[in-house]
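1. no sequence for this one, just the structure:
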């Protein structure tokens, strides 16, 4: 039983809430049964430590059994220890540490993808996590992060993906121009989601969304800069039929990705 919330082992886990510690170690923090369950199911080789209170494991026997099947040892811990490790205010009694597993853009494109989400300068962790989750749900082949987009292993991003982080390849760290050039070279049309673009319904009627597509999403506050828009093959906007000033970035991205998913499957 791990009992001392001030022990070096506990402090090392807690430090993973900070990007500097994640970059230095190549590790990241997982909190809660859902995230840990998906990690064990899809990336068991990445999980290097699993901490849980006895009560939490009693509530989630499937997680305990999955860890045993994957050869992952559980370190029983007290609630104060879990609280000290956690990034959340009310942790659910289960925490894991895992190795990061980014995918190179070359590997993403080698699989002949038909649908990709590109995130340029997306800074809000909740938005990025939701976009990753939506891309996974829509059957996208990858998410590509460019510019100063938030770290996908940020604890808030990880929580917002609800496990989709372990389902879909994520490439990060490149510059937008180079990424767009490589993606276009792989046969995808790059479409920017931007309020200055054409009505998305026009592209739907023309059948353009059935083509292999990489959607380009920009910053929450500024959108896409002009030089980023110039890199795209087209720009489309979602119509606003009510009185809302705009759509949240993650909501708009979800609609765009599903429009392509519907069109590609219908065709």
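-> Nice, I can see it. This one's a predicted model, so the numbers in the text were calculated from it and none came from an experiment.
2. How many neighbouring residues does residue 232 have?
-> By other CB atoms under 10 Å, the residues close to residue 232 number 22. C-beta: built from backbone N, CA, C; applies to glycine.
3. tell me the pLDDT at it?
-> The per-residue pLDDT reported for residue 232 equals 97.
4. so who does the nearest residue to it once chain neighbours are set aside touch?
-> Leaving out its chain neighbours, the residue that sits closest to residue 232 by CB to CB, 6 or more residues apart in numbering is residue 192, at 3.9 Å. Contacts of residue 192 were listed using CB atoms under 8 Å, 6 or more residues apart in numbering, and they are 215-216, 218, 224, 228-229, 232, 234-236.
5. give the contact list for residue 198.
-> Counted by CB under 8 Å, 6+ apart, residue 198 has contacts 234-237.
6. and with 7 Å instead?
-> Shown in contact with residue 198 (CB atoms under 7 Å, 6 or more residues apart in numbering): 235-236.
7. helix/strand/coil for it?
-> Secondary structure, DSSP: H, G, I helix; E, B strand; the rest coil: residue 198 is strand.
8. quick one, strands of the stretch 51-200 of the chain?
-> 74-76, 94-99, 115-120, 142-146, 170-174, 189-199 (DSSP state E, counting those that start in this stretch).
9. Can you flag the weakest of those strands by average pLDDT?
-> strand 170-174 (a mean of 92).
10. So what angle separates the directions of that strand and strand 115-120?
-> Strand 170-174 runs at 40 degrees relative to strand 115-120, counting by axes from the mean of the first three to the mean of the last three CA atoms, to 10 degrees.
11. Report the strands that pair with strand 170-174, each with its relative direction.
-> With DSSP bridges as the test, strand 170-174 is paired with strand 142-146 (parallel).
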